[in-house]
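[1] give me coordinates for this.
(one chain, ligands or ions: 1)
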Amino acid sequence: FEPISIGIAIGAASALTGYLSYTGFYCRFAECCRPEQPLNASALKLDLKEKLFGQHLAAEVIVKALTGFRNNKNPKKALTLSLHGWAGTGKNFVSQIVAENLHSKGLKSNFVHLFVSTLHFPHEQKIKLYQDQLQNWIRGNVSTCASSVFIFDEMDKLHPGLIDAIKPFLDYYEQVDGVSYRKAIFIFLSNAGGDLITKTALDFWRAGKKREDIQLKDLEPVLSVGVFNNKHSGLWHSGLIDRNLIDYFIPFLPLEYRHVKMCVRAEMEARGSPINEDIVTRVAEEMTFFPKDEKIYSDKGCKTVQSRLDFH
Ligand SMILES: Nc1ncnc2c1ncn2[C@@H]1O[C@H](COP(=O)(O)OP(=O)(O)OP(=O)(O)O)[C@@H](O)[C@H]1O
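    Numbering: from 1, shown residues only. Modelled structure (predicted):
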């Protein structure tokens, strides 16, 4: 062996070890983007099972979609999920759980971005400007972290056409202007389609069938057509649907009395208070339920549970 080459080899090896341990050390204190890190599917599954009530379809599709996507080293396009359902059924809640499972700081992560239509895009006459800003923001952030997550809340209040600005980023291109968007995740949240979902859930209930028997195929096709034809869905006549760029339409079922009670218990637990069944019942009974005759579904889902609990 030649001493110089051995020296070089040792030098290179220690530089590499140093670099790796430095990155490991660095990432323990500062947030790192790790697009190659596979998703811990069982952790996500457990989180949804323990925390999310009454949404068997959403839980199942989300776990499948995210594990499939994150375990694929070469996805052909960004993952796009469109979450639909009545108010307070858990769409924001699920996005938060998903964000935490992808980037440990969750919604506070530098790699997770939340857009709220009425806050970030309030003026209809400024659509062009918003489209430019949105494209720049997404381009910049995906260049920094390929596995960035973008959540669009209140899609139903988004001006028609605005979202089509991000179409090139969701398409099957390998790169757009030197940036690959294939590892990014886009999540749309919307109340649009809530009426269609409720109708299906009610049909099942009236036919004496179990809620858990509702399958994705009972809802997904109706949902995509309904949303496409709904002028107030944010996806009205959208190229995203037209070009099949939305991977999953995920229905959130309206919540029943028993689910509201589960939310109250979860909130008590989160506050560290002992579970008091009298209070659980009282809070649940204060909520309003529809349809008028049967009174099955909470019209605000679990949304006002936290504030109502303060009164007891
Ligand atoms: N299915 C659920 N399981 C457990 N908790 C829930 C569920 N739905 C709602 N919650 C609770 O209610 C709160 C409000 O729900 P969330 O904000 O997720 O509703 P949303 O569907 O996004 O409503 P909106 O369409 O009005 O934005 C959540 O933070 C969570 O604590």
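[2] how about the residue nearest to the spatial centre of the chain, what does it touch?
    For the chain, residue 95 is the residue whose C-alpha lies nearest the centre (Cα atoms, centre = their mean; 3.3 Å). Applying Cβ atoms under 8 Å, 6 or more residues apart in numbering, we find residue 95 in contact with 83, 107, 151, 153, 187, 189. C-beta: built from backbone N, CA, C; applies to glycine.
[3] the strand or helix carrying the last one pairs with which strands?
    Under the criterion DSSP states H and E, the helix or strand holding residue 189 is strand 185-190. Looking at strand 185-190 with DSSP bridges, its paired strands and their directions are strand 79-85 (parallel), strand 149-153 (parallel).
[4] what's the following helix or strand after it?
    The helix or strand immediately downstream of strand 185-190 is helix 194-206, counting by DSSP H and E.
[5] any buried residues in that next one, and which?
    Using 16 or more other Cβ atoms under 10 Å as the test for burial, helix 194-206 gives 194, 196-198, 200-202, 204-205.
[6] got it, and stretch 90-104?
    By 16+ other Cβ under 10 Å, the buried positions in stretch 90-104 come out as 90-103.
[7] quick check, nearest of the residues you listed to residue 301?
    Nearest to residue 301 among those: residue 90, at 7.2 Å, using Cβ to Cβ.
[8] the closest one reaches residue 59, doesn't it?
    No: if you go by Cβ atoms under 8 Å, residue 90 and residue 59 don't touch, sitting 9.6 Å apart.
[9] need the overlap of contacts for these two.
    residue 52.
[10] who's residue 188 bridged to?
    residue 82, residue 152.
[11] so it touches residue 152, yeah?
    Yes: assessed by Cβ under 8 Å, residue 188 is found in contact with residue 152 at 4.9 Å.
[12] between those two, which contacts overlap?
    Listed as contacting both residue 188 and residue 152 by Cβ under 8 Å, 6+ apart are 163, 234.
[13] more neighbours, those two?
    Counted by other Cβ atoms under 10 Å, residue 188 and residue 152 do not tie: residue 188 has more neighbours, with 30 against 25.
[14] list the contacts for the more buried one?
    Applying Cβ under 8 Å, 6+ apart, the residues contacting residue 188 are 80-83, 152, 155, 163, 234-235, 246.
[15] out of those, which are buried?
    For those, a burial check counting by 16+ other Cβ under 10 Å picks out 80-83, 152, 155, 163, 234-235, 246.
[16] need those in CSV (columns: pLDDT).
    Listed next are these as CSV, based on pLDDT from 0 to 100:
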residue, pLDDT
80, 95
81, 96
82, 93
83, 95
152, 95
155, 89
163, 86
234, 75
235, 77
246, 89
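[17] what count of nearby residues applies to residue 223?
    Residues within reach of residue 223, counting by other Cβ under 10 Å, total 25.
[18] residue contacts, it?
    Contact analysis of residue 223 by Cβ under 8 Å, 6+ apart lists 84, 193, 196-197, 249, 251.
[19] got the residues of the stretch 201-312 of the chain near the ligand?
    255, 263, 301-303 (Cβ under 6 Å from any ligand atom).
[20] from these, pick the one nearest the ligand.
    residue 302 (3.6 Å; Cβ to the nearest ligand atom).
[21] pretty sure residue 193 sits against residue 226.
    Yes: using Cβ under 8 Å as the test, residue 193 is close enough to residue 226 to be in contact (5.2 Å).
[22] tell me which of these two has more neighbours.
    residue 193 (27 against 19).
[23] now do the helices in the stretch 51-200 of the chain.
    Assigned by DSSP state H, counting those that start in this stretch, the helices in the stretch 51-200 of the chain fall at 56-70, 91-102, 117-120, 127-144, 167-170, 194-206.
[24] before we move on, the earlier item: between residue 193 and residue 226, what contacts are shared?
    With Cβ under 8 Å, 6+ apart, residue 193 and residue 226 have common neighbours residue 233.
[25] which residue, neighbours along the chain excluded, lies closest to residue 76?
    Counting by Cβ to Cβ, 6 or more residues apart in numbering, residue 172 is the residue found nearest to residue 76 once chain neighbours are left out, at 5.5 Å.
[26] next, count neighbours for the one you found.
    11.
[27] can you tell me which residues in the stretch 1-150 of the chain are near the ligand?
    51-55, 85, 87-93.
[28] apply 8 Å and report the result again.
    By the rule Cβ under 8 Å from any ligand atom, the part of the stretch 1-150 of the chain lying against the ligand is 51-55, 83, 85-96.
[29] now residue 254. Nearest residue, chain neighbours left out?
    In space, and not counting its chain neighbours, residue 254 is closest to residue 297: 3.7 Å by Cβ to Cβ, 6+ apart.
[30] tally of neighbours for that neighbour?
    The burial count for residue 297: 24, using other Cβ under 10 Å.
[31] ok, now residue 149?
    23.
[32] just the one 5 residues further on next, same as before
    If you count neighbours by other Cβ under 10 Å, residue 154 ends up with 18.
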